[in-house]
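> sequence below, structure please.
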Amino acid sequence: MSTPERSVWSSATHERKVENFYGQGAENFGDHHDGYLNFGLWDDGITDFQLAAENLVQRMGELLGLDSDSRLLDVACGMGTQDVYLMRNFAPATIDGLDVTWKHVEHGRRRAAEAGLEDRIHFHHGTATEIPFPDNSFSHLLSIEGTVHFDTRRKFLGEAFRVLEPGGVVGITDYSLKREPRTAVERFFVGLVCRLWKVPKENAITSKVYEEQLREAGFAEIDLKEIGALTIPGYYREQRRPETIAQNAKIRGFVAGRLGTIIDIVLYRTFRMGLIEYVMARAVKPSR
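Okay, the predicted model is just below:
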């Protein structure tokens, strides 16, 4: 089963809150940053945001081992740019993108059509904690920077395990705690990030606990690396550029644009305090 049209969340749901957050001004996003929303992978020599964003997507395609036989589910697919990139560079058989924000789904469908790929890339509106596909539907599952928002990440991991076929591979980039906060100030900053960024408190876990949750969901061959130094500072520098600040305000409106700037500052400050990390993970659903 898939979800061809829009889902409607009640006002009390976490999905509604996240969709409202990411949907603010999304219809105006256009080709800003070519539609990429990720933090980018700022390897040596990369100074351009779009190149950093594509570098991250490329690395995840390699990590997953995508090929012409792959049936990929991209959860929290954003505006679809990464899926067009993956199709052009890895040529999987099919890609299904799932996102909680309807305006993202609309952008994704437009991008797939403009690329002439609407027969191989399909976008769906739905929640990651109740993935609208049967068991064993996909060979690979990708989620770039989305799982921190899912209510909860643990539920999503169970769903990811369910929809992957035996031997299937999951690839995730996400945020974790480098360590537990020790002082009232540190607890305040972590809590502020969660409140501003629509992150359920249960998702504020260390990288070690993250690995444990992957294992508890049933995954094996878990490889999780902390790569915050290659992602968060580069993204922060890009977001602090006057041109980017002005463009964000134009897209999302003055208030929402400034809120985004505040979130970036708080997140970066928390990273510099040694509290927040960025992780890249790969795991496999055992064949038996």
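> and E27, how many neighbours?
Residues lying near E27 (other C-beta atoms under 10 Å) number 11. From N, CA and C alone the C-beta is placed, and that goes for glycine too.
> gap between it and V8?
18 Å (C-beta to C-beta, to the nearest Å).
> and for E277?
35 Å.
> between the two, which is the more surrounded one?
More neighbours surround E277 than the other of E277 and V8, with 22 against 10 (other C-beta under 10 Å).
> which of the helices or strands spans that one?
strand 276-284 (DSSP states H and E).
> residues contacting that strand, please?
With contact meaning C-beta atoms under 8 Å, 6 or more residues apart in numbering, strand 276-284 is reached by 39, 59-60, 63-64, 167-178, 190, 193, 207, 210-211, 214, 219-228, 230-232, 267, 270-271.
> state the mean pLDDT of it.
Strand 276-284 comes out with an average pLDDT of 98.
> the longest strand along the chain: which residues count as buried?
In the chain, ranked by residue count with DSSP state E as the criterion, the top strand is strand 164-177. Buried residues in strand 164-177, counted by 16 or more other C-beta atoms under 10 Å: L164, G168, V169, V170, G171, I172, T173, D174, Y175, S176, L177.
> tell me who's in contact with the third one.
Residues in contact with V169, defined by C-beta under 8 Å, 6+ apart, are L64, G65, S139, H140, L141, R282, A283, V284, K285.
> with the second one instead?
Contact partners of G168, counting by C-beta under 8 Å, 6+ apart, are N136, F138, S139, H140, L141, V284, K285.
> how about I172, what does it touch?
By C-beta under 8 Å, 6+ apart, the contact list for I172 reads L142, S143, I144, T147, V279, M280, A281, R282.
> once you drop chain neighbours, what's closest to A26?
Distances taken as C-beta to C-beta, 6 or more residues apart in numbering place K103 nearest to A26, at 3.8 Å, with adjacent residues excluded.
> quick one: that neighbour from D223, how far?
Distance of K103 to D223, computed by C-beta to C-beta: 34 Å.
> between those two, which one's more packed in?
More crowded of K103 and D223, by other C-beta under 10 Å: K103, with 19 against 13.
> before we move on, which element is the more buried one in?
Using DSSP H and E, K103 falls in helix 102-114.
> F21 now?
helix 14-23.
> summarise which helices and strands the helix or strand just after that helix is packed against.
Scanning forward in sequence from helix 14-23 by DSSP H and E, the next helix or strand is helix 49-64. Where contact means 3 or more C-beta pairs under 8 Å, 6 or more residues apart in numbering; DSSP states H and E, helix 49-64 is packed against helix 81-90, strand 138-144, strand 164-177, helix 232-240, strand 276-284.
> try it again at 10 Å.
Other helices and strands packing on helix 49-64, by 3 or more C-beta pairs under 10 Å, 6 or more residues apart in numbering; DSSP states H and E, are strand 71-75, helix 81-90, strand 138-144, strand 164-177, helix 232-240, strand 276-284.
> out of these, nearest to H124?
Closest to H124 of the helices and strands packed on helix 49-64, according to C-beta to C-beta: strand 71-75, at 9.5 Å.
> export the closest one as CSV, just CAs?
Extracted in CSV, the C-alpha atoms of strand 71-75 (Å, rounded to 0.1, in the frame of the first residue of the first chain):
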residue,chain,number,x,y,z
ARG,A,71,14.6,-0.8,-4.3
LEU,A,72,15.2,2.2,-2.1
LEU,A,73,12.9,3.8,0.4
ASP,A,74,14.0,7.3,1.4
VAL,A,75,12.4,8.4,4.6
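> got the angle for it vs strand 164-177?
Counting by axes from the mean of the first three to the mean of the last three C-alpha atoms, to 10 degrees, strand 71-75 lies at 30 degrees to strand 164-177.
> for strand 71-75, give the mean pLDDT please.
Average pLDDT, strand 71-75: 98.
> list the buried residues for that strand?
Within strand 71-75, the residues scored as buried using 16+ other C-beta under 10 Å are R71, L72, L73, D74, V75.
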